[in-house]
Structures are given as C-alpha cells and as structure tokens.
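J.: this is a predicted model, with the sequence first.
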Amino acid sequence: MSQVLPPLLTEAAALSVAGTGLHRYEMGPALIGAGVGATVVIVASGDNPGVSGVQDSTKVLLRGDRIPDLHSRFEFRGSPPIHVFARLGSGCLPLGTALCRGRPSEPGSFDRAELVLDQPLTREMLDAVRPVPVPGPVPAVDWVDHVETDPIKALESFVLGWFPAEETEPAEGESTANELNNLPEALAAFHRLARIRPAIHRFHDPVLKHPERASGPLGERLVFALWNEAGMDWSIPWPLEESGETDPRVWLTEDPYAATPETILEEEPLSRFLLQFTLYEAMNAAPYHAWTYCMPPARLDALWSMLRPVPLSPFLPTFTAERFFVAPGLLTQVSSSQNEAVVSFGALHRGILTPLLEHGFRWSRFDG
C-alpha cells in the first residue's frame, strides 16, 4: 500500500518555522531561513548528485556561494534545530529535522553543509523529491566472451565501454614509448589504454604510471600497483627475461617496507589480474552504489538470471574474496561463504539500481 505524502506548505509557512527575526539566504538553488527558533532549509527537487538537494533517504547536501553568517547555524550540536523542506510543485514538502554532519571548519569558508535527516525518507517521499530518471545508454557485456581467450582484449573492451571519452594526455614521448616497450604486453596495454581513458589512472588504488624497481623475499621485482594507501603492493618478477614468462605471475606484498614482508602469489597471471583489478576499482569509482547486509547465500538465487559471471578467480582471496558479475551498466561483487553472503553493486545510472528493490534485500547503502 502506497503511503500518502504529508501535506504541502507554502514557502511562507515553511519559513515561519524559523521563528522571529528571519533572515533569508540563497546557497545555490537552496533557500535558507535563519530565525530565532530554527534554521529552515528549502531545497529543490530533482536527481542532482553532488549538487544542493536530496542525495538519498537520509542525506541532504547544501552547496553554493560562501555565506559566513550561516556557519554557526550548522554546528553538529548546539545550534538551533534544522528543518528541511523540498519544493514540490507549488508547495514545500516537509522532510523532517536534520543534523549537520559536515561543513568547512572556518566561517569564511562556509560554502557547503552535509545534513543527515533524523528519520529516513520513505520510498514514496524519496521518489517524489528525487525522482529516478530513466537510465541512459549503457555498455554491453559481450567483453566477457574474451576473458578466457584474450583477457587483454576483454580489458580494453570493458574500459572503452564503461569509462567515457575525455580529453587525452599529450602524445607519449620517446622515453615513455621505450619504457612501455620494455614492459610485459598486458601492462603496456593497460598504460596505452589509460592514454585514451585517463580515468583508469585516477583510481583510489592506482596502477603506477611509472612502475618502480624493488626487491623482496622472492627476489627482484617491478612494483606496478599500490593498495590500501601503499600498505600493500603488487609486482612481477624482474627482469622479465630471467623468468622467461610473457604473462608473468603477480605477487601481492603486505607491508612492503617491513623488514620481512609477507608475499602472496596471486592465482591469476598479469593479464587476467589487471582485469580483476580494473573491475574492482571501477566498482569503487562507480557513481551509484548499493550494498547489502549479510544474508543467506540462497537469497541470491533470484539475481543469477540477470547477472553474468566473469570467469576469474576471487579477487583478494585472503581478504574478501570477491567474485565479479556484470549486467549492462552494472558491476556486482559477491563475497560469500557456506553460510552467508554480501553483495555490492556499482552502476552508471541510478535507475539501474532501482529494480533491485524488488528482491527485498536489507541495504546498508542504496543510491537507487
């Protein structure tokens, strides 16, 4: 049964909640009323991630010009209560009270505030103030056909489809070209790909633009990627000629600066590992996310008809052991044991996540 929305108020009625001594301010598209009794925030409706407005069922973002006078109104505790409304048609829909969970520390820098509603919005209210747009074009997943036979081609096809074209870096110089020629083909292909899709060099845990020589328990190595703020790294044996491998094995080294770091041999060779790594980081960098709580593995059965498995071994097997699944515009990671499973989704469009509500999962985060 759908829930009836609260009655709309006029703008004047909404602002009257602030009490006497009202001062009006505009921060981007939001109207803020500061009075003796409260602070009133009126945001525009719409699907505007990163812009002033409702972001999800609990978060409301303010962003705009600097307004030092409002800094003290958005303290975490001790400031007048904050009442949030959203413009809907010709009226204002009350969304409830909120606390400020983030703002610039200095009054002169106050140009944003992150508000958390005391009571999450119902799905009906969220859809009213932040309607989910119809998904735009999404990339196909036929690149999965190449994972086992040509993982470099699979990586290229995935990256070119998932990440939009943008202004590219200047043409590589002779020294850079020579450097790539000395790398294994999979790693050189990754760097060539990054020149036309620079987003893959902006991952939170990057593939290094210039791999670094190092040594470890297993001998000389070439470090090509870092993880967990350089608390771990991935490398290959080096020089490559000594190993005799064109698609070398990959080492994960924990705490590489320790006197005796632990080194783990990855199951996948470099070409397939780079695809694993890229899927994992693309998932983290996706604009929209959904994460479930733990649940019995049998609860996932309804997903298999909509998801295609990527034939790779689990990523980070000694940690979360994520298996990858895909659908058009959707990346999925499943970490499971015999008794429980957790699923994470990353999507290119908000509307791709919305149908997942039909499965009745409990969500720790849901951007759809």
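T.: Okay, I see it.
J.: in the helix or strand harbouring A214, what's buried?
T.: Per DSSP states H and E, A214 falls inside strand 207-216. By neighbour count on 16 or more other C-beta atoms under 10 Å, the buried set for strand 207-216 is 207-208, 211, 216. C-beta here means a position set from N, CA and C on the backbone, and glycine is covered the same way.
J.: and after that strand, which helix or strand comes next?
T.: Following strand 207-216 in sequence order, the next helix or strand is strand 219-227 (DSSP H and E).
J.: what's the angle between the host helix or strand of H191 and strand 219-227?
T.: Assessed by DSSP H and E, H191 sits inside helix 185-196. Counting by axes from the mean of the first three to the mean of the last three C-alpha atoms, to 10 degrees, helix 185-196 lies at 30 degrees to strand 219-227.
J.: what does helix 185-196 contact?
T.: By C-beta atoms under 8 Å, 6 or more residues apart in numbering, the surrounding residues in contact with helix 185-196 are 151-152, 155-156, 159-160, 165, 168-169, 172, 180-181, 183, 200-201, 207, 209, 211, 224, 236, 246-247, 269-271, 274, 278.
J.: run the chain-centre distance for it.
T.: Relative to the chain's own centre, helix 185-196 is displaced by 23 Å; criterion: C-alpha atoms, centre = their mean, to the nearest Å.
J.: quick check: angle from that helix to strand 207-216?
T.: With the same axes, to 10 degrees as the basis, helix 185-196 and strand 207-216 are set at 150 degrees to each other.
J.: any idea of the mean pLDDT in helix 185-196?
T.: Across helix 185-196, the average pLDDT comes to 95.
J.: in it, what's buried?
T.: For helix 185-196, by 16+ other C-beta under 10 Å, it's 186-191, 193-194.
J.: repeat that for stretch 331-340.
T.: 331-336.
J.: cool, stretch 341-351 as well?
T.: Residues 341-351 are the ones in stretch 341-351 that count as buried (16+ other C-beta under 10 Å).
J.: now render those residues as JSON lines, adding pLDDT, secondary structure and distance to Y25.
T.: Below are those laid out as JSON lines (pLDDT from 0 to 100; DSSP: H, G, I helix; E, B strand; the rest coil; distance: C-beta to C-beta, whole Å):
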{"residue": "A341", "pLDDT": "94", "secondary structure": "strand", "distance to Y25": "47"}
{"residue": "V342", "pLDDT": "95", "secondary structure": "strand", "distance to Y25": "43"}
{"residue": "V343", "pLDDT": "96", "secondary structure": "strand", "distance to Y25": "42"}
{"residue": "S344", "pLDDT": "97", "secondary structure": "strand", "distance to Y25": "39"}
{"residue": "F345", "pLDDT": "98", "secondary structure": "strand", "distance to Y25": "38"}
{"residue": "G346", "pLDDT": "97", "secondary structure": "strand", "distance to Y25": "36"}
{"residue": "A347", "pLDDT": "96", "secondary structure": "strand", "distance to Y25": "35"}
{"residue": "L348", "pLDDT": "95", "secondary structure": "coil", "distance to Y25": "35"}
{"residue": "H349", "pLDDT": "94", "secondary structure": "coil", "distance to Y25": "33"}
{"residue": "R350", "pLDDT": "92", "secondary structure": "helix", "distance to Y25": "29"}
{"residue": "G351", "pLDDT": "93", "secondary structure": "helix", "distance to Y25": "33"}
